[in-house]
Structure formats: structure tokens, C-alpha cells
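**Student:** return atomic coordinates for the entry below.
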Amino acid sequence: MAANLLDPRRLEHSLTHDLHWARVVQIKGGGVMMKGTELLFKGSKSAAIQCVQTWWCIVDPRAGLAALGSHARQASLPDSIPTTIEG
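**Tutor:** Numbering: from 1, shown residues only. Just a heads-up that it's a prediction; the model follows:
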């Protein structure tokens, strides 16, 4: 399975590279946590650089951002994760 992050204003436009071999790790707290591998290519003849990625896809903005902050504290992630909704 591959996942990609779409621009909500232009659904045909992807905001990131595809997440290959994606799998859902957790569904709760207003979001879905997915893990997979991003493949980056430097040139047409080069081998892909594989980058392991974890995505937190927010479905319900308020609950999702609160859960993301909780995950950050548990995993000792940087404190720069937004905890409020702007706009």
C-alpha cells in the first residue's frame, strides 16, 4: 500500500513524496498513525534513498492535535509540535 498527502485545495496535487509499504499503526485520538518508507531519487540512474517515515494524519483537528502532543511527550519528540488550531 502507498499513501500520499494531498493538498485539500487541489486534490490532484501531492504535498509530499508517496509513503511506500504504508501500514496503519494506530487509530485513536482524532487521527491515524501510519508508518512506511519514503523513496527519494537523486537521478534517473541512481538507486533510491529509503527514509523511514511516521505520519500522524489528523481527522478531527482538536482531538488530533491533542493526541499528537501526547505522542510527542511519550516519544520525547521536539516540543515544536503545534497544539492549537490557527485560522
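**Student:** helices along this protein, start to end?
**Tutor:** 61-75 (DSSP state H).
**Student:** what residue ranges in it score low on pLDDT?
**Tutor:** 64, 68, 71-87 (pLDDT under 70).
**Student:** from the centroid of it, which residue is nearest?
**Tutor:** For the chain, residue 55 is the residue whose C-alpha lies nearest the centre (C-alpha atoms, centre = their mean; 2.4 Å).
**Student:** wait, it sits on residue 3?
**Tutor:** Yes: applying C-beta atoms under 8 Å as the test, residue 55 and residue 3 come out as touching, 7.2 Å apart. Every C-beta, even on glycine, is put in place using the N, C-alpha and C of the backbone.
**Student:** which residues are in contact with residue 14?
**Tutor:** Residue 14 is in contact with 4-7, counting by C-beta atoms under 8 Å, 6 or more residues apart in numbering.
**Student:** just read off the phi/psi values of the residue lying farthest from the centre of the chain.
**Tutor:** Distance from the C-alpha centroid of the chain, by C-alpha atoms, centre = their mean, peaks at residue 45 (28.0 Å). The phi/psi pair for residue 45 (degrees, to the nearest 10) reads phi -110, psi 0.
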